[in-house]
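> here's my sequence, what's the structure:
(2 chains)
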Amino acid sequence: MPKGIASFIARRLLLALPVFVGVTLVTFVLMQIVPGDPVALLMEEKVASVDPAAARIMRAKWGLDDPVPVQYLKFLRNAVRGDLGISYRTDRNVLTSILERLPATATLAISALGLAILIGVTTGIAAALRQNTVFDSASIVLATIGVSIPNFWLGLLLIYLLAVQWRWLPPSGYGPAFPYLIMPAITLGTGLSAVIARLTRSSMLDVIRADYIRTARAKGLAGRRVFMVHALRNAAIPIVTVIGVQMSGLLSGAVITERVFSWPGIGRLLVDSIAVRDLPMVQGCVLFIATIFIGLNLLVDLSYVALDPRIKYE
Amino acid sequence: MRTSVFTWLAAASLAVIAAFTPIQPAAGQIPVSGGHFRRALSSDPANLDPALTNTSRAIAVKMTIFDSLLRQNPKTLAIEPGAAEAWSVSGNGTILTFRLHRGIRFHHGREMTSDDVKYTIERTLTPQMGSPFIRAFDRIVGAREFTAGQAREVSGISALDRYTVQITNSVVDSTFPLVFTGLFIVPKDEAERLGRDFGQRPVGSGPFIFVSWSRDSSLLLKENPDYWEGRPYISALEFRIIPDPATLQAEFETGRLDFILLEDPTYRRYADDPQWKPYVVEVAELFTRHMGMNTTKPPLNDARVRQAINFAIDKATTVRTVLQDKAFVATGVFPPSLAAFDPSLRGYEYNPQRARELLAQAGFTSGFEMDLNGSSSPVAGRWLEVLQRYLADAGIRARIVQQDFGVMLDRAGKGELMTYVLSHGGGSNCVNYLGPFRSRNFGVAGNRMFYKNDRVDALMDEAERTFDPRRQIQLCQEAERLVVADAPWFFWNYNKAALVHQPNVHGIVGNPLELDWIQMHKVWIQPRR
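Sure, this is the predicted structure:
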């Protein structure tokens, strides 16, 4: 690895530390500000009443008797050691709970994004190459529709058609990719494919009008080579950037899609934990999401070097 | 809000499709063994340790894995033997003696003994456990010393022999035996071996054995062939976690769930359909939906104003329309399933004229303004809008405030809210059911109205000490009449819980405590032709 890139990675990883402290601090403060006592919420879920004696004991168990700054510092100390604590709600290790959901989240994210890239990039390129044709107009219309359809609505529509009406697929559940992954991946991938298609089209249109493309053609290079080596590679930078951001978002959990298809992902875990003010689990999920964002952003930045030799990190 | 509208639209579409699917009536009534039974939970039970979770969904699972010392008959709510084949009360009502069935075996093979019962209670009282159930047992002699670390065991719990356990309470409390209907016995050796993991890999003595748990997805149990009450009919029991109501309905319509709970929007669709109606199970659940009124905040500190609010709202119409008939009009605190239900209690009829008169007497001829608090769910939003409309007719300008359910409870408990709409589930004993009206329970302990009536307190104290069920009911009914007259609640309706099951499913008996607390070992599936 070139020295410049190594030091760039090291610098970025070093910068990640204040980001981690920042996001956990903000989350911690927000969770303190939001009304609702986690102990009361856990006890009230069934009987809507709180026993003060039991509440005292539960507070002591979870360290909620400590002054608030001490609670945060203890969290930080333990987090540095890789211990994200125990969930109030499940009484289980937070890191284990998050890692347990990682396969479901990653499977859905990668499938949805793969589908989106396949459809989006192909359609975008084809539309750019056939600018101002019926295909181009149709792709724009479809992309607009794709972006506009809310996930939950598309999900329910798919359930209605493919599961209830035609009985081709199970309505929901988590299991083997076929048949369980198809509907959630389509639901989540549709909106993304539309975004990628539009971006690919506009990016390609910018590039194929550039002087160096005309020069390449004037040199007598084959159309295919001009397209693949000169045009697509240069058009890829904004597309890769968007894909990176979208992937980060998907790995953070797609709450609505997970809910509609009963998919056990990180999004549902986070939302359920917020509802009962399960601070250790919320902090764990936030840290995980921050890690994903930082890691993928770094990968995207590094990919620029491969895509455009003019970009150098020093 | 938009999510919900579309969700229910989709649900309605699914219902239309299903309406054309022919359903054959059940062929036979002789129980058949075998089959994989699938039911749903709206969210993950989180933890299955009997000492830790008290959510209704966790209990629905735990009651299939564990045995409780006593049980409640789902039809009569009478206390019946469970793991204890016999029990008695003596010593002026402070000593309870339980004799265990012989031959109850935990899933790892060891026989249940009185030591396990003692251990189960002491485990709950251990501070490191952080159990929300400490209150249930902390009046056993020596319990507080044990929890405070001043004693190594609870002196009031004695294992008299291998199968007999005696528990001495420090106070006379006629509701104490009820506690043991929720005491799921854990095996000492396995609970100690597994430690914190016990809640994730529970070992009980119940009709089903834990197999696997995919968090937020499904929980699988298998039959316990050696169950002391007889082998369950179904061979596998799966709890699937399905949070979305439209998806839940689709799963049922496609035959992938054996029953589903019905919410207000879907209830009529099945209850009115002659093809599904035979498979709808309904119970008057022990829940009273109400609007609590903070009796310390003017003008709600005036009983006439609170009574006016009770007269101002047409309960029958709201039940028929916004609740889709999935409720019963409330006349007081106790629902019809409770033994203490008083059919002679008339409550408040809809009388807007009387409401205006009472407001005028209280000095509010031109009404007043108040906040109407409810949870943030779309369903609660619809309820609040209807109540707001009726209150407006009486001149009360109510401002709807929707907030997170926990936040609302927290704020109401601190006395910050004037009103809040809530469903009260008080269990099967009238003394417990009236808990929110006792002044000792001010605030988060349940009395969020900060209501105080010395006579009600005295009646409840006496009812708590009374073991004669008839006398206890008389005392409760007298207290209820006082409460209704004082009107710290707007007594709205009693929840009608409903489920619909597949035509080939038999043996489901709805439980008024919580509809889906079903004795699953008595359920069987007729194989489909």
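> tell me, how many residues neighbour residue 228?
Here I'm looking at chain A. Neighbours of residue A:228 under the rule other CB atoms under 10 Å in any protein chain shown: 11. Where you see a C-beta, it was placed from the backbone N, CA and C, and this is true even at glycine.
> the chain in question should be chain B.
When neighbours are counted by other CB under 10 Å, residue B:228 comes out with 17.
> list the contacts of it.
The neighbours of residue B:228, taking CB atoms under 8 Å, 6 or more residues apart in numbering or on different chains as the test, are B:101, B:103-105, B:205.
> make it 7 Å
Applying CB atoms under 7 Å, 6 or more residues apart in numbering or on different chains to residue B:228 gives the contacts B:101, B:103-104.
> just give the number of residues close to residue 54.
With no chain named, the answer covers chain A. Taking other CB under 10 Å as the definition, residue A:54 ends up with a neighbour count of 21.
> wrong one, I was asking about chain B
For residue B:54, the count of nearby residues is 20 (other CB under 10 Å).
> touching, it and residue B:132? I think so.
Yes - shown here, residue B:54 and residue B:132 form a contact pair, counting by CB atoms under 7 Å, at 5.6 Å.
> nearest to chain A, of the contacts of residue B:228?
Within the set of the contacts of residue B:228, residue B:104 lies nearest chain A; the separation is 26.7 Å, counting by CB to the nearest CB.
> and the pLDDT for the nearest residue to the closest one once chain neighbours are set aside?
In this structure, residue B:104 finds its nearest non-sequential neighbour in residue B:112, 4.3 Å apart by CB to CB, 6 or more residues apart in numbering or on different chains. On pLDDT, residue B:112 comes in at 98.
> let me see the contact set for residue B:112.
When contacts are counted by CB under 7 Å, 6+ apart, residue B:112 is found next to B:83, B:100, B:104, B:106, B:185, B:205.
> so how far is residue B:203 from it?
11 Å (CB to CB, to the nearest Å).
> what does residue B:443 give?
Separation of residue B:443 from residue B:203 (CB to CB) stands at 38 Å.
> ok, now residue B:181?
According to CB to CB, residue B:181 and residue B:203 sit 21 Å apart.
> where in chain A is pLDDT low?
Residue ranges of chain A with pLDDT under 70: A:1, A:44-50, A:314.
> sorry, back to before: tell me, what's touching residue B:112 and residue B:203 both at once?
Both residue B:112 and residue B:203 are contacted by residue B:106, under the criterion CB under 7 Å, 6+ apart.
> looking at residue B:443 and residue B:203, which is more packed in?
A direct count of neighbours by other CB under 10 Å for residue B:443 and residue B:203 places residue B:203 higher, at 20 against 15.
> find the residue closest to the more buried one in space, skipping its chain neighbours.
Counting by CB to CB, 6+ apart, residue B:190 is the residue found nearest to residue B:203 once chain neighbours are left out, at 4.3 Å.
> quick one: residues contacting the closest residue to chain A within the stretch 51-200 of chain B.
Across the stretch 51-200 of chain B, the shortest distance to chain A (CB to the nearest CB) belongs to residue B:130, at 3.3 Å. Residues in contact with residue B:130 (CB under 7 Å, 6+ apart) are A:57-58, A:61.
> out of those residues, which is nearest to chain B?
For the contacts of residue B:130, the residue nearest chain B by CB to the nearest CB is residue A:61; the value is 3.3 Å.
> okay, and that closest one sits in which element?
With elements delineated by DSSP states H and E, residue A:61 resides in helix A:52-62, which encompasses its position.
> give me the buried positions along that helix.
By neighbour count, and taking 16 or more other CB atoms under 10 Å in any protein chain shown as the criterion, the buried residues in helix A:52-62 are A:54-55, A:57-59, A:61-62.
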